[in-house]
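J.: Structure for this input, please:
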Amino acid sequence: MTSQAPTPPPPAQPPTGATLAPYSFPHDKLKLRQTEPGKTPLVLVACGSFSPITFLHLRMFEMASDFVRFNTEFEVCAGYLSPVSDAYKKVGLAPGHHRVNMCSRAVEQSSWLMVDPFETVNANEDGEPEYVPTAQVLRHFDHEINTVLGGVEGTDRTRKRARVALLAGADLVMSMGEPGLWSPADLDMILGSYGAFIVERSGTDVDEALASLRQYENNIWVISQVIQNDISSTKVRLFLKKDLSVRYLIPDPVVEYIEENHLFHNEPNKGGSTSSESNPGPSSSSSNPQTKN
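T.: Okay, here's the model as predicted:
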């Protein structure tokens, strides 16, 4: 909505708890030295099921990158996909390691997109998968990039704190405007401290959703989707269940991975949303988490 940078959040703390597998934060494609003077380094994070990842998910990052270049005082230094934990318990949710692998194959040729398996390996004290609220995910990225790695070096050689921001579809904002779905504390952390880049979708009234989030308007950037794309993971899974081709709906390496691992073909035929898969879930206080398709 504006090009003003969000208010810096408090220093992020390291995550607590165990992991299901050895974990290290991926940063091989993270630009640790800026090339544009006077701009604030920015890292975009999309949370979702990615079951499977589609071209729409990837396209959202490219649209956001273009928007940032022409409309803000940020410089994009990286984009991350953060697949949700298996604890999310959703129909059609492939095991976490498969979703991480599919996302990894999808971004293999990208120079700036990466996959962080943090959510999928997060576990409770009993070693069972544990759901990670979106606000906590953003704090995790903040900690890894700004505390562990020391931020990003500016063109003047000084170290800068990278801005971490959420990237999602417009239906996310719609859900945030619904009373009781998100805890005020998490909402304030996500939109008040970090900010969000929202890609418009046909059939959603972004202005109506933003009306109840006016206190965060300087931290929300709305990106117009000039070429409409309604591909969703739900639709892809339906095609696979019916043994129909999904080529050119999702990246070829993902198609090949699905075929190699026989994924989704035997999925129960139950209803599901066809909204964008990059929608972060609600707060930890919700007993009925928002659907991440």
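J.: Tell me the gap between the longest helix along the chain and the middle of its chain.
T.: Criterion DSSP state H: the longest helix present in the chain is helix 55-71. Counting by C-alpha atoms, centre = their mean, to the nearest Å, helix 55-71 is centred 13 Å from the centre of its parent chain.
J.: ok, and what's touching it?
T.: Residues outside helix 55-71 that contact it (C-beta atoms under 8 Å, 6 or more residues apart in numbering) are 3, 42, 44, 46, 48, 50, 74-76, 79, 81, 106-107, 110, 112-113, 167, 169, 197, 199, 221, 223, 225, 229-232, 249-251, 276-278. For glycine as for every other residue, the C-beta is placed from the backbone atoms N, C-alpha and C.
J.: what about 7 Å?
T.: Residues from elsewhere that reach helix 55-71 (C-beta atoms under 7 Å, 6 or more residues apart in numbering): 3, 42, 44, 46, 50, 74, 76, 79, 106, 113, 167, 197, 199, 221, 223, 225, 229, 231, 249-251, 276-278.
J.: how about residue 42, secondary structure?
T.: At residue 42 the chain is in strand, as set by DSSP: H, G, I helix; E, B strand; the rest coil.
J.: Settle this for me: it is touching residue 77, isn't it.
T.: Yes. Residue 42 is in contact with residue 77 according to C-beta atoms under 7 Å; the separation is 6.4 Å.
J.: quick one: common contacting residues for the two?
T.: residue 162.
J.: one step back: can you tell me which of the contacts of helix 55-71 are classed as buried?
T.: Buried by 16 or more other C-beta atoms under 10 Å: 42, 44, 46, 50, 74, 76, 79, 106, 113, 167, 197, 199, 221, 223, 225, 229, 231, 249-251, 276-278, out of these.
J.: now the host helix or strand of residue 46: mean pLDDT?
T.: Residue 46 belongs to strand 40-48 when assigned by DSSP states H and E. In this model, strand 40-48 has a mean pLDDT of 98.
J.: do stretch 58-65 as well
T.: Computed over stretch 58-65, the average pLDDT equals 97.
J.: now do stretch 98-106
T.: Stretch 98-106 comes out at a mean pLDDT of 98.
J.: Only alpha carbons, please: show it as PDB.
T.: The C-alpha trace of stretch 98-106 is given here as PDB (Å, rounded to 0.1, in the frame of the first residue of the first chain):
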ATOM      1  CA  HIS A  98       8.200 -35.300  -0.100                       C
ATOM      2  CA  ARG A  99       6.800 -31.700  -0.100                       C
ATOM      3  CA  VAL A 100      10.300 -30.400   0.700                       C
ATOM      4  CA  ASN A 101      11.800 -32.500  -2.100                       C
ATOM      5  CA  MET A 102       9.200 -31.300  -4.600                       C
ATOM      6  CA  CYS A 103       9.700 -27.700  -3.700                       C
ATOM      7  CA  SER A 104      13.500 -28.200  -3.900                       C
ATOM      8  CA  ARG A 105      13.200 -29.600  -7.400                       C
ATOM      9  CA  ALA A 106      10.900 -26.700  -8.400                       C
END
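J.: Residues touching it, excluding its own?
T.: Residues outside stretch 98-106 that contact it (C-beta under 7 Å, 6+ apart): 50-53, 58, 81, 83, 115, 117, 120, 251, 253-254, 257, 261, 263.
J.: Mark which of those residues are buried, thanks.
T.: For the contacts of stretch 98-106, buried by 16+ other C-beta under 10 Å: 50-53, 58, 81, 83, 115, 117, 120, 251, 253-254, 257, 263.
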